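Q: Output the structure for:
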Amino acid sequence: MPYDVVDRSESAALAKGNPLSLLHVDRAEIDLPESVDPYSAEVYAKALENFQLLQVNGTLMCEDVPCVYLYQQRMGNHVQTGVAAVCHIEDYENDIIKKHEKTRKDKEDDRTRLINTISADTGPVFLTYRDSAEIDAIVTSAQKEKPLYDFTAPDGIQHTVWRLAGGDDIVKAFGKIPVSYVADGHHRTASAVRVGKERRAANPNHNGTENYNWFLAVLFPASQLQILPYNRSVHDLNGRTPEAFLTEISKKFTVTENTSPAPAQPGGVSMYLGGKWYALKWTIPAGADPISRLDVTVLQDQLLAPVLGIDDPRTSKRIDFVGGIRGPGELVRLVDSGKGAVAFSMYPTTVAQLMDIADANQIMPPKSTWFEPKLRSGLFIHTLD
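A: Predicted coordinates for the structure are as follows:
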C-alpha cells in the first residue's frame, strides 16, 4: 500500500516477518530504533540498502523492453482499470497534468530525498482523465490476454496486471487526451518533478531522453473512480464547553440532533459531540465558485477556523484527518476515547468537482478527497538511472 496512509507503527506491523515488503524502502525507519528521526540521513541510507537488496535477490526485476501495463483493482463490487506508465515532468510543469492541492514542505522534502537517494519512483501517482472510447477499446482488447499477475491481497482487494510490450497504440491514444488530473499523490508528483529538475540542472550533458524526465503513474478513466469522504477530528473545543460550542455554531448552521452518522447529500456534515450525532446544514449562495461550493470549504471557513481556531489545517497539530474507508465509527472511537473533542463526517467530494477546480486553477482545501482502493506499491517501479 502507499507509504503515506500508514504511520510508523502501522508500517512496522505490516512489514513484520516480511523482508520483501516495500515498506522496508518507503518507510525504512521501521528497520531502525524508534529513537531515530524518520527524516535522518540514516533512514535514507537504509532505504537504499534495502532497495538494492530487493534487486540483488531477484524480488524486483527489470524489463528488457519498454512496457506499459494495465492495472485492475477490484474492491467488493467496485472495479477500476488504469494504465500504468510514465508521464513527463514537463506535462506537470505546463499544467497538462493538473493539480488541485498544495503540498506540505516536510512531506515533499522527504519524498524528494528518498527518490534522489534510491534513484527510483517506488510508488505510482494516481491520475485520472475524462473517459476515452478509444482507450477503453484498447484496454478491453488487452484484457482478453492472460494477465501477468492476478492476486488478492490480505485486505481483500484483488489486483490484476497485464503487460503491453511497447504499448504504442495506447501511448498514441493518450496523446489525444488534452489534460489529466492528479487524483491522489500530490507529494509524490511534486517530489518526482523536483528530482527531475535538479538532475537536469546538474547534468551538463542533459539531452531530454534521461529517465529522470519521467515519473511513475497509473491513469484511470474518471467514470470508474470511487471517492470516499475525508473526515475530520479536532482535539479540543478551543476553550469552549460543549454547550457553548453548540450555541456558537447554531448562529451559522441549522443544527439538528440525533442525525445519521453519514450525510446523505452535499450541503451539510454530520457532527459527533458528547456522545451524540448532529446534522449541520447550510445553503450555498447562487453563483458561488467551485471552491466555495465544497463542503470542506464551508466547514473550514465557517467553523474550523473562526470557531475552533484551526487556521491552517495543513500544519495544525490540533486536527486529524480520517479516511472514509474507516467509516464514521472511527470518529466515534476517537471522540469517546478522548483523543478528539468533536468530529465531522463529510459527504464525499466528486470527481467532477475535482476537475472543475483544477480547470479553474484553484486549490482545494487539504484532505478533500479519499480515493479507494489505493494503488499498491511495489508492482511497478520506475528507475531514474
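Q: Could you count how many residues lie near Phe215?
A: Applying other CB atoms under 10 Å, we find 28 residues neighbouring Phe215. For the C-beta atoms, the positions are set from N, CA and C on the backbone; glycine is no exception.
Q: meant to ask about Pro263, not that
A: Around Pro263 there are 22 other residues, counting by other CB under 10 Å.
Q: Which residues are in contact with it?
A: By CB atoms under 8 Å, 6 or more residues apart in numbering, Pro263 lies in contact with Val269, Ser270, Ala279, Asp295, Ser345, Met346, Tyr347.
Q: Now for the third one: which residues touch it?
A: Spelled out, it's Ala279. Thr254, Val255, Thr256, Thr259, Ser260, Pro263, Gly268, Val269, Ser270, Met271.
Q: which stretches of the stretch 1-150 of the chain have low pLDDT?
A: Applying pLDDT under 70 to the stretch 1-150 of the chain flags the ranges 1-3.
Q: on that earlier part again, is it possible to get TSV of the contacts of Pro263 that adds pLDDT and distance to Leu375?
A: Converted to TSV, the contacts of Pro263 look like this (pLDDT from 0 to 100; distance: CB to CB, whole Å):
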residue	pLDDT	distance to Leu375
Val269	97	28
Ser270	97	29
Ala279	97	34
Asp295	94	26
Ser345	97	25
Met346	96	23
Tyr347	95	24
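Q: Looking at these, which are in strands?
A: In strands, defined here by DSSP state E, the members of these are Val269, Ser270, Ala279, Ser345.
Q: Name the member of the residues you listed with the most neighbours.
A: Ranked by neighbour count (other CB under 10 Å), these have Val269 at the top, with 27 neighbours.
Q: surely it meets Asp295?
A: Yes. Between Val269 and Asp295 a contact is recorded at 6.2 Å, counting by CB atoms under 8 Å.
Q: got any residues that touch both of those two?
A: In contact with both Val269 and Asp295: Pro263, Met346, Tyr347, using CB under 8 Å, 6+ apart.
Q: how deep is the second one tucked in, by neighbour count?
A: Counted by other CB under 10 Å, the residues lying close to Met346 total 25.
Q: mind checking the end-to-end distance for stretch 172-191?
A: End-to-end distance of stretch 172-191: 27 Å, with CA to CA, to the nearest Å as the criterion.
Q: whoops, I mixed them up, stretch 344-364
A: The first residue of stretch 344-364 is 18 Å away from its last residue (CA to CA).
Q: Identify each buried residue in that stretch, please.
A: Buried residues in stretch 344-364, counting neighbours by 16 or more other CB atoms under 10 Å, are found at 344-349, 351, 353-358, 364.
Q: Show me how this structure divides into domains.
A: Domain assignment for the chain, taken from automatic domain parsing, gives 3-56, 67-226+372-383, 230-347.
Q: Name the surrounding residues that touch the longest strand seen in the chain.
A: Looking across the chain with DSSP E, the single longest strand is strand 78-88. With CB under 8 Å, 6+ apart as the test, strand 78-88 has contacts from 68-73, 97, 124-125, 127, 135, 139, 143, 161, 167, 170-171, 174, 180, 213-221, 224-226, 372-373, 379-380, 382.
Q: Restricted to helices, list these.
A: In this view, the contacts of strand 78-88 that belong to helices under DSSP state H are Ile135, Val139, Ile170, Val171, Phe174.
Q: Taking these together, which two end up most distant?
A: Across these, no pair lies farther apart than Val139 and Val171, at 13.2 Å, counting by CB to CB.
Q: out of these two, which sits in the busier spot?
A: Val139 (20 against 14).
Q: Distance from the chain centre to stretch 169-180, please.
A: Put simply, stretch 169-180 sits 23 Å off its chain's centre (CA atoms, centre = their mean, to the nearest Å).
Q: Give me the contact list for that stretch.
A: Against stretch 169-180 from outside (CB under 8 Å, 6+ apart): 68, 83, 85, 87, 91, 95-98, 127-130, 132, 134-135, 138-139, 164, 219, 359.
Q: Return the members of those classed as buried.
A: 68, 83, 85, 87, 91, 97-98, 127-129, 135, 138-139, 164, 219.
Q: Out of those residues, which comes closest to Arg240?
A: Nearest to Arg240 among the buried ones among the contacts of stretch 169-180: Lys98, at 39.7 Å, using CB to CB.
Q: wait, the closest one sits on Asp356?
A: No. Taking CB under 8 Å as the definition, Lys98 is not a contact partner of Asp356, at 10.9 Å.
Q: and the gap between Cys67 and His382?
A: 11 Å (CB to CB, to the nearest Å).
Q: Which of those two has more residues huddled nearby?
A: His382 (21 against 15).
Q: got the contact list for that one?
A: Val86, Ala120, Asp121, Asn211, Trp214, Phe215, Leu216.
Q: List the residues that contact the second one.
A: Contacts were defined as CB under 8 Å, 6+ apart; by that measure Ala120 touches Phe51, Ile381, His382, Thr383, Leu384.
Q: contacting residues for the last one?
A: The neighbourhood of Leu384, defined by CB under 8 Å, 6+ apart, consists of Ile115, Ser119, Ala120, Asp121, Val195, Arg199, Glu210, Asn211, Tyr212.
Q: One more pass at 7 Å, please.
A: By CB atoms under 7 Å, 6 or more residues apart in numbering, Leu384 lies in contact with Ser119, Ala120, Asn211, Tyr212.
Q: Please check these and keep the buried ones.
A: By 16+ other CB under 10 Å, those give Ala120, Asn211, Tyr212 as buried.
Q: Sketch out the helices for this protein, chain order is fine.
A: Taking DSSP H as the test, the helices found in the chain are 8-15, 23-26, 41-56, 89-93, 105-118, 133-142, 168-174, 186-202, 242-249, 295-299, 328-336, 351-359.
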